[in-house]
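Engineer: Please work out how this folds:
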Amino acid sequence: MSYFKHHVFFCCNQRPAGESCCNDHRASELQTYAKERTAALGLKGQGSVRVNKAGCLGRCDDGPVIVVYPDNVWYTYVDKEDIDEIIDSHLREGRIVDHLRLPEGAA
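Structural biologist: Predicted coordinates for the structure are as follows:
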């Protein structure tokens, strides 16, 4: 068994002006929100969830993006409501949020 049940990486990359990047879509702010919300729900820590910032995940054109491991599920999102849905459905209940999921082959 892995140390965390789910490890969530938020792309928080910042590229020069004019280049597509996740941080232009409030990625760092929403990563902080997700980290605080999972903690408030008692989902933080060993055997549960870890929410981290990441550098470029290579999918900024699809962004903003997060990836949930070990499930290898990539999501895009717009706001706190989308983050809440990912936390509630995927991280708490184990159900993938299909309408926010990115296609596996997209890049």
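
Engineer: Going by C-alpha atoms from here, please, whenever you check contacts or count neighbours.
Structural biologist: Fine.

Engineer: Strands along the protein, start to end?
Structural biologist: 6-11, 49-54, 65-69, 73-76 (DSSP state E).

Engineer: Kindly reformat those strands as CSV containing mean pLDDT, mean neighbour count and distance to C22.
Structural biologist: Output for the strands of the chain, formatted as CSV (pLDDT from 0 to 100; neighbours: other Cα atoms under 10 Å; distance: least, Cα to Cα, whole Å):
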stretch, mean pLDDT, mean neighbour count, distance to C22
strand 6-11, 96, 24, 6
strand 49-54, 96, 20, 11
strand 65-69, 97, 23, 7
strand 73-76, 97, 20, 10
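
Engineer: got those as a markdown table, with distance to A40 columns?
Structural biologist: A markdown table is the format used below for these (distance: least, Cα to Cα, whole Å):
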| stretch | distance to A40 |
| --- | --- |
| strand 6-11 | 16 |
| strand 49-54 | 12 |
| strand 65-69 | 19 |
| strand 73-76 | 22 |
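
Engineer: L102 is nearest to which of those?
Structural biologist: Counting by Cα to Cα, L102 lies closest to strand 73-76 out of the strands of the chain; the figure is 5.3 Å.
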